[in-house]
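>>> coords please:
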Amino acid sequence: MTVIAERTLTIDEDSGRTITVKLGSPTFDPGTGDFACPYQICGPGIGINHPAFGFDGIQAIELAIRMIGAELDRIEKTQNITLRWGDARDHGFRRP
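As a prediction, this is how the structure comes out:
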């Protein structure tokens, strides 16, 4: 995966722990005719590595960002934590 953007989030309940979100460059998949945009979410006990598919590279990026927001919300709920991006009390991704 060629990383085109990265964000580090702090776990509010333990500022020493972080979660890293990486967004990869979309690539054309000739088998499906779609573009795939990979993303990773890594942190303590978390290892998510998935693609989002779109009609073109822009849509694949957009859908990957939406999926990242949904994954981060799920992580917050299941682990009972709050993720912070900088000084914001939020992870900065669109919530579903």
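>>> now the strands for the chain?
Remark: strands assigned in the chain by DSSP state E are 3-11, 14-24, 27-29, 34-43, 46-54, 83-84.
>>> now render the ones you listed as TSV, adding mean neighbour count, distance to residue 60 and mean pLDDT.
(C-beta placed from N, C-alpha, C; glycine too.) As requested, the strands of the chain are arranged in TSV below (neighbours: other C-beta atoms under 10 Å; distance: least, C-beta to C-beta, whole Å; pLDDT from 0 to 100):
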stretch	mean neighbour count	distance to residue 60	mean pLDDT
strand 3-11	15	12	97
strand 14-24	16	10	92
strand 27-29	14	9	95
strand 34-43	20	4	97
strand 46-54	16	3	96
strand 83-84	20	24	94
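>>> nearest to residue 61, of the ones you listed?
Closest approach to residue 61 among these (C-beta to C-beta): strand 34-43, 5.1 Å.
>>> what is the closest one packed up against?
For strand 34-43, the elements it packs on are strand 14-24, strand 27-29, strand 46-54, helix 57-79, judged by 3 or more C-beta pairs under 8 Å, 6 or more residues apart in numbering; DSSP states H and E.
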